[in-house]
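K.L.:
Below: sequence and its predicted model.
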Amino acid sequence: MTRCGRCCLQYAMKIVNLIMNFLGIAVIFYSLWLQKMWNDGSAQLPSSPSLPKPWFIYTCFGVGIAVCLSTLFSYIVSNSISNTILCIYIFSVCSLLFLQVAVIITIFFKYDWSSLISKYIDNSHEDFKSFVIFHEKMCQLIALMILVPQVSVIALAVILWTVGVERISSSRHSEISDFTRSFLVGTGSGMLNNTTLICGRCEILRTENPRQSLLL
């Protein structure tokens with residue numbers, strides 16, 4: 001059951017990583033499109049006002065890149081059989097997540113972008129002002145919503161690390177050693193008739209009595 005549970009956790013991590021990868025790519029393309037619209041709209045404004053840097057666009061773009069990199073690392077780790085690599089992955093992704101949350105709070109919650117944009121864009125460019133304010137809210141929503149699958153992947157990695165890999169490997173090694181020792185000593189078939197059924201992804205381990213195989 002431990003192997004099947006671990007296998008299901010690995011599948012779950014891969015599925016969540018695949019979804020996150022698509023989300024990260026979509027966020028990157030959205031940020032690039034939004035930057036283009038910002039440049040086109042600001043070019044139509046009078047040259048006197050100096051618009052602030054669109055840090056909300058840069059933050060959204062950075063979140064997309066961070067998600068893509070973390071999913072790539074997570075996909076590699078999901079196929080790993082080492083608890084050490086899992087521990088390093090959990091520490092690295094948690095650090096990246098804390099940094100990401102700090103940037104999101106700093107950019108989206110410490111600045112009132114609506115009043116800041118209204119200060120530099122007059123009523124003659126109301127369409128551009130409404131466009132920027134709307135998409136600033138969208139960037140904030142995207143940056144917050146994308147934290148949910150990231151936390152889910154970390155939770156799955158922690159569960160996977162808690163289940164452990166080395167215990168499973170040592171248990172399998174112990175079963176093989178017991179079979180070899182029993183075969184050499186020539187004990188009864190009670191210890192040798194050991195059948196372990198695992199899920200479809202895992203290998204079906206079946207150890208049969210050699211004498212019984214010869215009789216069949």
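P.N.:
Received it, and whenever you're ready, just let me know what you need. As the structure is a prediction and not an experimental result, all values here were calculated from the model.

K.L.:
tally of neighbours for Glu153?
P.N.:
Check again: residue 153 is Val, not Glu. By other C-beta atoms under 10 Å, the residues close to Val153 number 24. The way it works is simple: take the backbone N, C-alpha and C, and place the C-beta from them, glycine included.

K.L.:
Mind listing what's buried along stretch 145-159?
P.N.:
146, 149-150, 153-154, 156-157 (16 or more other C-beta atoms under 10 Å).

K.L.:
An error on my part: the question was meant for stretch 52-62.
P.N.:
By neighbour count on 16+ other C-beta under 10 Å, the buried set for stretch 52-62 is 54-57, 59-62.

K.L.:
again with stretch 15-34
P.N.:
Buried, per 16+ other C-beta under 10 Å, within stretch 15-34: 16-17, 20-21, 23-24, 27-28, 30-31, 34.

K.L.:
Including secondary structure, could the buried residues of stretch 52-62 go into TSV?
P.N.:
Shown next, in TSV, are those (DSSP: H, G, I helix; E, B strand; the rest coil):
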residue	secondary structure
Pro54	coil
Trp55	helix
Phe56	helix
Ile57	helix
Thr59	helix
Cys60	helix
Phe61	helix
Gly62	helix
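
K.L.:
how about the residues you listed in JSON lines, adding pLDDT?
P.N.:
Shown next, in JSON lines, are the buried residues of stretch 52-62 (pLDDT from 0 to 100):
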{"residue": "Pro54", "pLDDT": "88"}
{"residue": "Trp55", "pLDDT": "90"}
{"residue": "Phe56", "pLDDT": "91"}
{"residue": "Ile57", "pLDDT": "92"}
{"residue": "Thr59", "pLDDT": "93"}
{"residue": "Cys60", "pLDDT": "93"}
{"residue": "Phe61", "pLDDT": "94"}
{"residue": "Gly62", "pLDDT": "93"}
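
K.L.:
Among those, which one lies nearest to Phe134?
P.N.:
Of all those, Phe56 has the smallest distance to Phe134: 11.7 Å, by C-beta to C-beta.

K.L.:
contacting residues for that closest one?
P.N.:
Taking C-beta atoms under 8 Å, 6 or more residues apart in numbering, we find Phe56 in contact with 107-108, 113, 136, 139-140.

K.L.:
Sounds good, over and out.
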